[in-house]
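[1] Turn this into a model:
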Amino acid sequence: MIYLDLFLGFLKVGCFAFGGAYGAIPLIRDVVMSYGWLRDEMLTYMIAVSESTPGPIMVNLATYIGSNQAGFLGAVVATLAVVLPSFLIILLVTALLKTALKNKYVQAVLCGLKPCVIGIVLATGIYMVLSNCFVKISDVCINIPAIIISIILVLSIISYRQLTKKKLSPILLMVISAVAGVVVYGI
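    Numbering: from 1, shown residues only. Predicted structure coming up:
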């Protein structure tokens, strides 16, 4: 039964995850919480790990959760389920690419999805910052180290952009975050 649950849960994520991995995080959170596979805190940690490891976040999360729930076969089932819709859609799109992208209705659908994806990514980012910096919203337990690291990262992004007129590399941002984590939490 767990294999069917993993397959259907991550198939749902794969089917409705418009906008890539960040747009999929709320869907993954919903599926994981509805099945009770992970606690919210553990899922947040896994999102961070999935972001910093090679490969798509959505696939990394599916693989980890599948492995956590049902071992190697669970990892395979969850991973296949999450990539199956994209694989089939890409096959279909490549077959119909020339005519579909010129269609005004397809263009209208794509234009209509853009604001939705932006809103989902923004809401996810705000949720993750608030849940990390303010551990218990009802008791207002402030996580000072998390706030310090968040401020360091924001200042790094702004300073780098001002000095170089370029965006800060995500890799460099992760290195800064790791060093700040060691300094703030470890020392």
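[2] Do me a favour and average the pLDDT over stretch 123-133.
    Taken as a whole, stretch 123-133 has a mean pLDDT of 83.
[3] Which positions in it come out as buried?
    Thr124, Ser131, Asn132, Cys133 (16 or more other C-beta atoms under 10 Å). Quick note: C-beta positions are derived from backbone N, CA and C, even for glycine.
[4] Let me have those in TSV, extended by distance to Lys114 and secondary structure.
    TSV is the format used below for the buried residues of stretch 123-133 (distance: C-beta to C-beta, whole Å; DSSP: H, G, I helix; E, B strand; the rest coil):
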residue	distance to Lys114	secondary structure
Thr124	16	helix
Ser131	26	helix
Asn132	27	helix
Cys133	29	helix
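[5] Output those in TSV; the columns should cover distance to Leu92.
    Below are the buried residues of stretch 123-133 laid out as TSV (distance: C-beta to C-beta, whole Å):
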residue	distance to Leu92
Thr124	28
Ser131	37
Asn132	39
Cys133	42
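[6] for the chain, which spans come out with low pLDDT?
    19-21, 135-140, 187 (pLDDT under 70).
[7] can you list the domains in it?
    Structural domains assigned to the chain are 2-142, 143-187, following automatic domain parsing.
[8] Just the helices from the chain, written as ranges.
    In the chain, helices defined by DSSP state H lie at 2-16, 21-35, 40-52, 57-100, 104-133, 144-164, 170-181, listed in chain order.
[9] Which of the buried residues of stretch 123-133 sits closest to Pro85?
    Thr124 (20.2 Å; C-beta to C-beta).
[10] Enumerate every residue touching the closest one.
    Contact analysis of Thr124 by C-beta atoms under 8 Å, 6 or more residues apart in numbering lists Tyr22, Gly23, Ile25, Pro26.
[11] Name the nearest of the buried residues of stretch 123-133 relative to Phe16.
    Thr124 (14.5 Å).
[12] looking at it, Ala100 is touching Val93, isn't it?
    Yes: judged on C-beta atoms under 8 Å, Ala100 makes contact with Val93 at a distance of 6.7 Å.
[13] Much appreciated, bye for now.
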